[in-house]
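Student: Predicted model and sequence follow; I will ask about them next.
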Amino acid sequence: MRKEQIYMRMFVHIILAFGAITMIAPFIWMVSTSLKSLSEVFVFPPTLFGESLRWNNYLQISERFPFSIFFLNSLKIAVLVTAGQLFTCSLGGYSFARLKFPGRDIIFLLYLATLMIPYFVIVIPIFIMMRSFGWVDTHYALIVPGLFSAFGTFLMKQFFLTIPRELEDAAKIDGCTPFGIYRRIFLPLSKPALAALGIFTFMWSWNDFLAPLIFLNTMTKRTIPLGLAVMQGLYSTDWPVLMAASVLSVMPIIIVFLCAQELFVKGITLSGLKG
């Protein structure tokens, strides 16, 4: 191996290591702050940990706001939205990729064009619709509009186009219906795409702040992001307790990512697409 290649690899590894440190540093500082006292947070020069690890900061979370209720609300909304998008987007992607019907390409382009519309433009019409349905201050206003996604449909359509058509033709010869082909062939082979879509959808739903702020008024119906905002006082903020609540709020996303990552690798192995 030539010296130029060795130096190039070393340079790439240094860049990747720097990027990894940059990404993980805020999380490490958040965990560190959650184990300090309020006076130790603003010490200069800053220290990674204080004189002692204050685990009682995590016990004080429930004293500031109903964390368990907010956690369950966020979990319910995120799980239902993720499950709904996995079904609707995979079904829509299969229809646009494999089924032939009049105006298919035009409908798909119009559906895809909705990605260029900012959420702030459509939030007022959505609010008017939810109010006419009587869903304001309910979780339906967050779950039902989130069951459909143009991005998820596009992602699944592009993945379905890579599946060999011979598998579909063989299923048709055996008398399988279009929905049977979707359920028995395309869904088992689309685990990598479903895992990626599941990660994106769960993260978006779990971290969503604007929609719950607009639609939810009752304290017991609010989600984690709103709860963290409530903890920031007007004149003072207990940053260690706030960071402790933030650490707990991040854990479900990490768990989902780790589970979906394993499913992603397993899906590639079982699908036969690894080459």
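Tutor: Everything's here; your move. Residues are numbered from 1 along each chain as shown.
Student: what does the helix or strand containing Ile106 contact?
Tutor: Assessed by DSSP states H and E, Ile106 sits inside helix 104-113. Residues outside helix 104-113 that contact it (Cβ atoms under 8 Å, 6 or more residues apart in numbering): Phe96, Ala150, Thr153, Phe154, Lys157. Bear in mind the C-beta positions are built from the backbone N, C-alpha and C, glycine included.
Student: again, only using 7 Å
Tutor: Phe96, Ala150, Thr153, Phe154 (Cβ atoms under 7 Å, 6 or more residues apart in numbering).
Student: The third one: which element?
Tutor: In other words, Thr153. helix 150-160.
Student: Can you spell out which helices and strands pack onto that helix?
Tutor: Secondary-structure packing of helix 150-160 (3 or more Cβ pairs under 7 Å, 6 or more residues apart in numbering; DSSP states H and E): helix 67-98, helix 104-113, helix 191-207.
Student: so which of those gets nearest Leu242?
Tutor: For those, the distance to Leu242 is smallest for helix 67-98, at 11.4 Å, taking Cβ to Cβ.
Student: Which residues belonging to the closest one are considered buried?
Tutor: 67, 69-71, 73-75, 77-82, 84-86, 88-98 (16 or more other Cβ atoms under 10 Å).
Student: can you give me the mean pLDDT across it?
Tutor: Per-residue pLDDT over helix 67-98 has a mean of 93.
Student: For the helix holding Thr153, buried residues please.
Tutor: Ala150, Phe151, Gly152, Thr153, Phe154, Leu155, Met156, Lys157, Phe159, Phe160.
Student: ok, the second one to Gly92 distance?
Tutor: Look at Phe151 and Gly92: by Cβ to Cβ, to the nearest Å, they are 11 Å apart.
Student: got it, and the fourth one?
Tutor: Taking Cβ to Cβ as the measure, Thr153 and Gly92 are separated by 4 Å.
Student: what does the last one give?
Tutor: Here the distance between Phe160 and Gly92 works out to 10 Å (Cβ to Cβ).
Student: The third one too?
Tutor: Using Cβ to Cβ, one gets 8 Å for the distance from Gly152 to Gly92.
Student: do the first one as well
Tutor: Ala150 sits at a distance of 9 Å from Gly92 (criterion: Cβ to Cβ).
Student: And Ile254, what's its pLDDT?
Tutor: 86.
Student: Look at it and say how many residues are nearby.
Tutor: Residue neighbour count, defined by other Cβ atoms under 10 Å, stands at 10 for Ile254.
Student: In the chain, which residue sits furthest out from the middle?
Tutor: Farthest-out residue of the chain from its mean C-alpha position, per Cα atoms, centre = their mean: Arg2, at 43.1 Å.
Student: ok so, going back, contacts for the helix or strand just after the helix holding Ile106?
Tutor: Counting by DSSP H and E, the element after helix 104-113 in chain order, helix or strand, is helix 119-133. Residues outside helix 119-133 that contact it (Cβ under 7 Å, 6+ apart) are Val136, Ala141, Pro145, Ile214, Phe215.
Student: which helices and strands sit right next to whichever helix or strand comes after helix 119-133?
Tutor: Tracing the chain C-terminally past helix 119-133 and defining elements by DSSP H and E, one meets helix 140-143 next. Here helix 140-143 touches helix 67-98, helix 210-215, going by 3+ Cβ pairs under 7 Å, 6+ apart.
Student: Distance from the helix or strand harbouring Ile255 to the middle of the chain?
Tutor: For Ile255, the host element (DSSP H and E) is helix 239-271. In terms of Cα atoms, centre = their mean, to the nearest Å, the centre of helix 239-271 is set 10 Å apart from its chain centre.
Student: What of stretch 144-164?
Tutor: 15 Å.
Student: How about stretch 25-43?
Tutor: With Cα atoms, centre = their mean, you get 26 Å for stretch 25-43.
Student: what's the first-to-last distance across that stretch?
Tutor: This stretch, stretch 25-43, spans 18 Å end to end (Cα to Cα, to the nearest Å).
Student: Quick check: mean pLDDT of that stretch?
Tutor: Per-residue pLDDT over stretch 25-43 has a mean of 85.
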